[in-house]
Each structure stands twice: as C-alpha cells, then as structure tokens.
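J.: I'd like to go over a predicted model; first the sequence, then the structure.
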Number of protein chains: 2
Amino acid sequence: VKIKINRQALISKLNHVTKALPIKTTISILTGIKFVTTKTGISLTGSDSDITINTWIPLEIFTEKGKIPLIEIGETGGIVIPGKYFFEIIKKLEADVIEINTFDDTDILIRGDKGEYTLKGLPAEDYPQIELSNVLHQLTVPTAELKTIIAQTIFSVAVNESRPALTGVNFKYANNLLSCTATDSFRLSQRTIGLKNSDLSDFIITVPGRSLSELGKIIDITDPNTEIRITNNQVLFKNADISFQSRLLEGEYPDVATFIPTNFEIKVTVSYRELFNAVDRVSLMAREDRANVAKITVLPEENHMIMKSNSSEIGKIEEVVKIKEQTGSKLQVACSSLFLLDSLKATYNVDGDVTFGFNGDMKPFVVLDDLDDSNLQLIVPVRLED
Amino acid sequence: VKIKINRQALISKLNHVTKALPIKTTISILTGIKFVTTKTGISLTGSDSDITINTWIPLEIFTEKGKIPLIEIGETGGIVIPGKYFFEIIKKLEADVIEINTFDDTDILIRGDKGEYTLKGLPAEDYPQIELSNVLHQLTVPTAELKTIIAQTIFSVAVNESRPALTGVNFKYANNLLSCTATDSFRLSQRTIGLKNSDLSDFIITVPGRSLSELGKIIDITDPNTEIRITNNQVLFKNADISFQSRLLEGEYPDVATFIPTNFEIKVTVSYRELFNAVDRVSLMAREDRANVAKITVLPEENHMIMKSNSSEIGKIEEVVKIKEQTGSKLQVACSSLFLLDSLKATYNVDGDVTFGFNGDMKPFVVLDDLDDSNLQLIVPVRLED
C-alpha cells in the first residue's frame, strides 16, 4: 500500500467502520481495520464477528463545486491496521492530505504535515472472510422507514438472554406486509408496513438488537433506499457506501399475533403532550424502585384519568390527565411507568393524540398513535396492590 | 413551611446545593437538603459531611427591569427534603411558581400548575450543625484568581491515599505570598500570588482536592471577590450567595520549596501551540500503556527537539518541535507524556511560548509560562530505557 488520501474523507469513513470494532476480543486481528487499496478506491472493513461494517472510499467525488480528488494511489495492496490507534492518529494529525505507506510486509507508516507514526499491522489475508453466500431473500426498504422501525421497536427487546431470540427484533414478511416486533414478554413493540414486492417470498428472521442499534446510528438518510439481503444465518443492509452485515439469531420467535388484542372494551383518547409530561413525572421515582409502578384510574364521569405512583421511602406523586374521548366504563390498571414512558417516546405524533385500548385490569393494553396505525405499543399490566 | 417560590430561582440554587449531596452515605439525613424559611428568604443546605454548601434565596431581586419577587412566605419553618427527588421534581414541573407546604410535621406537599407531589421529609433539628467556630484567619482573594489556582494545581494531587495530605492542595501564606501547591511526588504544580493583607498572619492548610474541584464548578465569577475563613480543621469560601465549607486534611505537607529548582543548566523555549499539538499526539498510546513515556531529545545544533513514544504492541510516534531559543547543551530526558500534557493544559498562554528548564536527565524539570511566572509546573523524569 502506498497512497495519499484526503484526511476528512478518511475520518468520516473510519467513524462508521470503527463502530464494528469489538471492545474486547480474543481474536486479536479483529481489533484491526482491513484496509484494501485497489485501482478504483479503498475498502475499509471492521468486524466483531457478530457485526461487520464495510465502507468504500472512491478516488474522487463530484460536488456542486466540481470534481474533488480524494485518493492518489501509488501502490495497491491490503493490510490490517490497529483500528483504535489508526483512528485516533488520523483525527489528531494536522494535515489536509496524509500519506499511508506499508513496508517490511506489515509495518504501516503514516505521515501528516509533521510527525511520523509507525503502526504494526497484520497481513490482509489473515482477516476472516465474511462474505454472504446463498442469498435467499432480497428486498428494498425506504431508509427513513428502516430508521423508524428500529426506533419504535428496539427498546422492547429482552435484556435477559435466557431466550436468545427475544434479544432481537423479529422481521416477518407475509401477505405483502412486513411486521417488525420486539418483546421481552412484559411489553411488545411492533411496526407493520406494506411492502409491494412481487418477487419476494415470505420469510421470518430475527436480527440482534445490538446490531440494529449500531445500524440505526450509521445508516445514511441521504440514500433514500436500503437494500436488505438475507441468507440462512446472516443479513446484509446496503445503504450509500456502507455494507452492514449481522448474524441472525437462532431459535423460534413466539407467534405474537395471538397476544395482540384488536378489539377493546375501553378506549381512552388523551393529548400526547399532556400524557407524556404526566408519565415523565410519575416515573421520577423509577430509578430508586426498578419496578416503578404507575396506577392509572380512568374516570369517564369526571372526564379525566389519574396516574399515581408512590415509593414507601420517598413519597408519592399524583397527576391528572384530561380525557378527550372515551368509550366503555371506568377502569383501574397498574403498569411499569418506565414501559409507558418508552412507548410514548416511540410515538412521534407529539402534537396530536394517543389512544389507550384496554380489556380489563389484567389484560395487556395498547397505546396507539392516532396518526400512524403502523406503530403498536403493548404493555402487560401488573397486579394492583390495593 | 408554607411558601410560593419562583421555580427558576429555586432550580438555579438547587443546582449548587445538590453538588454537596453524598452519592452514598450511611447518615440518611444527608441525602436530604435542609430547607429553612425565614421572614427574609430561604436558606438551602446540602452536605456529605466533608463538604457543606449553603445558599440563600432572597424574597426579591433587583434587575434592570426592576424588582422581581421570588418568594411569598406563608409560614416560616424548617424541614429536610429528600434532595435528589426534590430537585428532579422541581426540574420537571410545568409552572412558573410552585407551592411548597409541609404538613403532619415531616410531609412535604409540592404543587405546580398540575399534579401533586408528596415527599417524606425529616425534622430540620435533626440535621447536623455545621457552623464554623474560632476563625483563625480571614482573607479575601479575587474570584478569578481562585479559579485559576484550582485549575492550575488540582490535577497534580495524589490519587493514592497512602499519604492523605498529598490528596489535597496546600495553601501556604508567608511574606505576603500565597503559594498553592499540589504534588503526587511524580510531578508538582504550584501557583504563587502576592497578597497584601497587613492583618493576616502566616498559615499553612491543605484543602481536599475533591472539595476544590466542586468549588471550582459552582464559584460565581460575577462576584469579584471570595472571602476565605479558616479554623483549625475547616475552611469556608464565601462567594455571592454561596457558602462553601470543607474539612481540612491533617498530616504534614512536605516542604516543597527544597525540591523546586530555580537555576537551570539548559533552557529551551518553544511555541506553546506547536508543543501542545506534538505532545497531544505523542500521548496517543497512553491509554494502552499507563506509564506512557515520551523521550525528549533536545538538539540545539539542529534547532529542534524530537519527541518519541512507542508501544511494543502497537507502533511508534515521532514528532519534531522547532526550538525558538536555547541556552545550554544537548540533552535527552524521558517523562510521562500525560503529565506533560496536563502541565500544558494548565498553561493559558496559548498564543505564546513556554520554556523548559532542565538540569540533566534525571533531575526534575519545569515548564514555565513565558507570560505568567505565577504558574510553575514540575515533572520528575523517568529513567531512559536505552
């Protein structure tokens, strides 16, 4: 390898690739970034073996101001460079263009306007091959929609790993509908969207929550579409110059459709903002008492609902939320105030209304966004204490 | 207690007082804030028994727009309120003016525009009395100067508690000079300022580093002077509406004057900014290798100094810094690159020059700010490896 490269371009790409670097690993080559120079550009790869992120730097880009050269190739080749240090050095160098040369097989010399950095690398051939083979399904999803799917489900994945499949988000495609579901069995978040794709056959996969969380951070909204390729144990997201690959979770995902009520005895509509502020305060004591319970009392005759929480050590909170519309009778239900807060944070209709759907004090209830019926948030109540 | 109070005024004062609340404590009353209402205002006190912060909210303040009422007193009295929750609630309430009432002796009712909060308090009489008695010395220091003293010394206090006095900053007053010193015995930071105060007798005290670090955060520069009162085991800083009290450290502080060289065989002057950027990069590998050593080679004939650092696992870095002025011969010395970086961060002459004073490769060397001779930074070299 013998190149000169635009420092800012390299930083922005390293910013993505380093997200895949393992914090701890027993496979020492994975602490490095695979850096491959070809005649047409540079490919950067980082991986912790669960997640692999690859990105591409072209020789030049075209902007409003015309063509801007990014790379000057002297000698092509490949090397694995210590990831964290490479990134730190590139960020701190004072130079617009930096030189990267390899010598003695695996030593890397980095030069800015002043100072010289020598890093010890490893041969590119030793880097694990992580290529998709046997793609079973291939689809395209709007990038903005993919970001929303992640944001509206990911907080409900299970933290506990006793049922590994529940630590991921389940993507189920059938009848031209893509349903994306996360549940830790105490609550469930689901986003369902229509997908017209005549060639696509039905599939069910479960993507690790951590993978989606990283994907959500680096996905580039300026590329309107993201391509998804699925094999029997891997999924690849292609967006702009980024290829993001993740292993899939094994194990059967529960058939959640049977849990989700579609008819409700009691429906209560309230202002999103008023409810959010009330729940935000009711959950104040949650850090002290992890199972922080809010007791909700719906009082149709008084046209409001009361939310109460109390901690035996610290005190109690009582909030009143005005009811805008209601069908059904009065009701008392208790649930985790934090789950309720999470479900509201995943509702984007902040100037509008949300509707609760209840079926009695011990049946799961849902929070529905009045403007977006793709978004379903379900919470399992806890037993009322008195 | 029965009052109405301006919410923003209360928040800004709680912001200070809560800094003294203990993270963990066996004295449960110290998790609370002592809230005392008198006919002239409200006094708030927080303490972790090492540090006590008291602040005062007057009934009204005078601004350019005229008099603004802050408090309406219904009933005077005192109570201890759970600090963390009180602060959280006040921050999240939607109201310009909030009501705080006590009832049943120790219950506190807080009301905003909507919602009601009940917190369980404790009697004000049970709060520990933390008053200064027998003030031995009293002096006034410009607030900006006090902030600089803290910033230029605090990073050198010892982390290791085997010699407790070294975990603080030593303030020594003699011959109209106040010398403030911190050292962990591997480096030393000292700021010395003139103080004309005919009534003041000599003193030596050591203030815990943690206390000064908190003081630095809340001290209010808009009050030009800070009053300092010293007893045999406590110190009080009075600034604006804040009284900040700290215990003093016991144990003799070393007589550092004997360690600090005043003549140098070799003096080297370089640009601050050029040196800082070089040291910043040389210290890159410091996180991997805690004793990250930079080897400095002063080459008068070539008119530059070379700084090198290397890590057997990752690689090596070499930086060149131009010499602007030099007296004495060539020299090689090794030291912690992080200590060097800390000493430069405490030098404010960023557009000017700094001067190294050396006396051989194993003698402590100093970094001097060419514009401010109050600021002395000393570093003990480590043995050269080859």
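T.: Right, received. Where do you want to start? Because the structure is a prediction, the values reported are computed rather than measured. Numbers count the residues shown, from 1 in each chain, chains lettered A, B, ... in the order given.

J.: Would you map the helices across chain A?
T.: With helices called from DSSP state H, chain A shows them at A:7-17, A:83-92, A:143-153, A:209-218, A:272-282, A:337-345.

J.: mind checking which of those is nearest residue B:140?
T.: Counting by C-beta to C-beta, residue B:140 lies closest to helix A:83-92 out of the helices of chain A; the figure is 42.7 Å. Every C-beta, even on glycine, is put in place using the N, C-alpha and C of the backbone.

J.: what does that closest one rub up against?
T.: With contact meaning C-beta atoms under 8 Å, 6 or more residues apart in numbering or on different chains, helix A:83-92 is reached by A:7, A:10-11, A:14-15, A:17-18, A:21, A:31-33, A:46, A:98, A:108, A:110, A:117, A:119, B:277, B:280-281, B:284-285, B:288, B:314-315, B:317.

J.: Contacts only, for the closest residue in space to residue A:53 that isn't next to it in sequence.
T.: Spatial nearest neighbour of residue A:53, excluding adjacent residues (C-beta to C-beta, 6 or more residues apart in numbering or on different chains): residue A:20 at 4.0 Å. Contacts for residue A:20 were tallied using C-beta under 8 Å, 6+ apart; they are A:46, A:47, A:48, A:51, A:52, A:53, A:214.

J.: How about the last one: what's its closest non-neighbour residue?
T.: When you say that, I think you mean residue A:214. Leaving out its chain neighbours, the residue that sits closest to residue A:214 by C-beta to C-beta, 6+ apart is residue A:19, at 5.4 Å.

J.: quick one: low-confidence parts of the stretch 251-386 of chain A?
T.: By pLDDT under 70, the weakly predicted segments of the stretch 251-386 of chain A are A:286-291, A:385-386.

J.: residue of it with the smallest distance to chain B?
T.: Ranking the residues of the stretch 251-386 of chain A by distance to chain B (C-beta to the nearest C-beta) places residue A:315 first, at 3.8 Å.

J.: any idea how far stretch A:255-268 is from the chain center?
T.: Centroid separation between stretch A:255-268 and its chain, computed with C-alpha atoms, centre = their mean, to the nearest Å, is 26 Å.

J.: meant to ask about stretch A:269-278
T.: 26 Å.

J.: Quick check: buried residues in it?
T.: Neighbour counts over stretch A:269-278 (16 or more other C-beta atoms under 10 Å in any protein chain shown) mark A:269, A:270, A:271, A:272, A:274, A:275, A:276, A:277, A:278 as buried.

J.: Contacts (any at all) between chain B and it?
T.: Yes. Taking C-beta under 8 Å from any C-beta of the partner chain as the criterion, stretch A:269-278 and chain B are in contact, through A:277, A:278.

J.: and stretch A:117-126, how far out from the chain's middle?
T.: Distance of stretch A:117-126 from its chain centroid, counting by C-alpha atoms, centre = their mean, is 32 Å.

J.: hey, C-alpha coordinates of it in CSV?
T.: Listed next in CSV are the C-alpha coordinates belonging to stretch A:117-126 (Å, rounded to 0.1, in the frame of the first residue of the first chain):
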residue,chain,number,x,y,z
TYR,A,117,3.6,7.4,13.0
THR,A,118,4.6,3.8,12.7
LEU,A,119,1.9,1.2,13.4
LYS,A,120,2.3,-2.6,13.4
GLY,A,121,-0.2,-4.3,11.2
LEU,A,122,-1.2,-7.8,10.1
PRO,A,123,-1.5,-9.4,6.7
ALA,A,124,-4.8,-8.7,5.0
GLU,A,125,-5.0,-12.4,4.1
ASP,A,126,-5.3,-13.3,7.7
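
J.: buried ones in it?
T.: Counting neighbours by 16+ other C-beta under 10 Å, one finds that the buried residues in stretch A:117-126 are A:117, A:118, A:119, A:120, A:121, A:122, A:124.

J.: Ok, stretch A:230-246 next?
T.: Neighbour counts over stretch A:230-246 (16+ other C-beta under 10 Å) mark A:230-231, A:234-246 as buried.

J.: List the contacts of the spatially closest residue to the residue of the stretch 251-386 of chain A closest to chain B that is not a sequence neighbour.
T.: For residue A:315, ignoring the flanking residues on the chain, the nearest one in space by C-beta to C-beta, 6+ apart is residue B:119 at 3.8 Å. When contacts are counted by C-beta under 8 Å, 6+ apart, residue B:119 touches A:314, A:315, B:81, B:82, B:85, B:86, B:89, B:107, B:108, B:110.

J.: Does the third one touch residue B:118 like I think?
T.: No. Residue B:81 lies out of contact with residue B:118 (C-beta atoms under 8 Å); the separation is 11.3 Å.

J.: Show me whatever sits in contact with both of those two.
T.: With contacts taken as C-beta under 8 Å, 6+ apart, residue B:81 and residue B:118 have residue B:108 as neighbours in common.

J.: tell me the centre residue of chain A?
T.: The centroid of chain A falls nearest to residue A:213 when counting by C-alpha atoms, centre = their mean (2.8 Å).

J.: nearest residue to that one other than its sequence neighbours?
T.: Computed as C-beta to C-beta, 6+ apart, the closest residue to residue A:213 that is not its neighbour in sequence is residue A:154, at 5.9 Å.

J.: again with residue A:135
T.: Looking at residue A:135 with C-beta to C-beta, 6+ apart, the closest residue is residue A:229, at 4.8 Å.

J.: OK, contacts around that neighbour?
T.: Neighbouring residues of residue A:229 by C-beta under 8 Å, 6+ apart: A:132, A:135, A:137, A:138, A:235, A:236, A:238.

J.: Out of these, which two sit at the greatest distance?
T.: Maximum pairwise distance in the contacts of residue A:229, criterion C-beta to C-beta, is 13.7 Å, between A:137 and A:238.

J.: which neighbours do these two share?
T.: Contact with both residue A:137 and residue A:238 is made by residues A:228, A:229, according to C-beta under 8 Å, 6+ apart.

J.: one step back: if I look at the residue nearest to residue A:135, what pLDDT would I see?
T.: We have a pLDDT of 96 for residue A:229.

J.: picking that back up, tell me how far the residue nearest to residue A:53 lies from chain B.
T.: Residue A:20 sits at a distance of 19 Å from chain B (criterion: C-beta to the nearest C-beta, to the nearest Å).

J.: Distance of that residue relative to residue A:110?
T.: 21 Å (C-beta to C-beta, to the nearest Å).

J.: go on, residue A:76?
T.: Here the criterion is C-beta to C-beta. By it, residue A:76 lies 18 Å from residue A:110.

J.: Between the two, which has more neighbouring residues?
T.: Under the neighbour definition other C-beta atoms under 10 Å in any protein chain shown, residue A:76 and residue A:110 were set side by side, and residue A:110 has more, 22 against 14.

J.: contacting residues for the residue nearest to residue A:213?
T.: Residues near residue A:154 by C-beta under 8 Å, 6+ apart: A:169, A:182, A:189, A:209, A:212, A:213, A:216.

J.: Surely the first one touches residue A:182?
T.: Yes. Taking contact to mean C-beta under 8 Å, the distance of 4.7 Å between residue A:169 and residue A:182 places them in contact.

J.: Give me the common contacts of those two.
T.: Between them, residue A:169 and residue A:182 have A:153, A:154, A:157, A:209 as joint contacts when contacts are counted by C-beta under 8 Å, 6+ apart.

J.: The third one reaches residue A:184, doesn't it?
T.: Spelled out, it's residue A:157. Yes. Counting by C-beta under 8 Å, residue A:157 does reach residue A:184; the two are 6.6 Å apart.

J.: Now do the shared contacts for these two.
T.: By C-beta under 8 Å, 6+ apart, the residues touching both residue A:157 and residue A:184 are residue A:166.

J.: distance between stretch A:22-35 and the chain's centre?
T.: With C-alpha atoms, centre = their mean as the basis, stretch A:22-35 stands 22 Å off its chain's centre.
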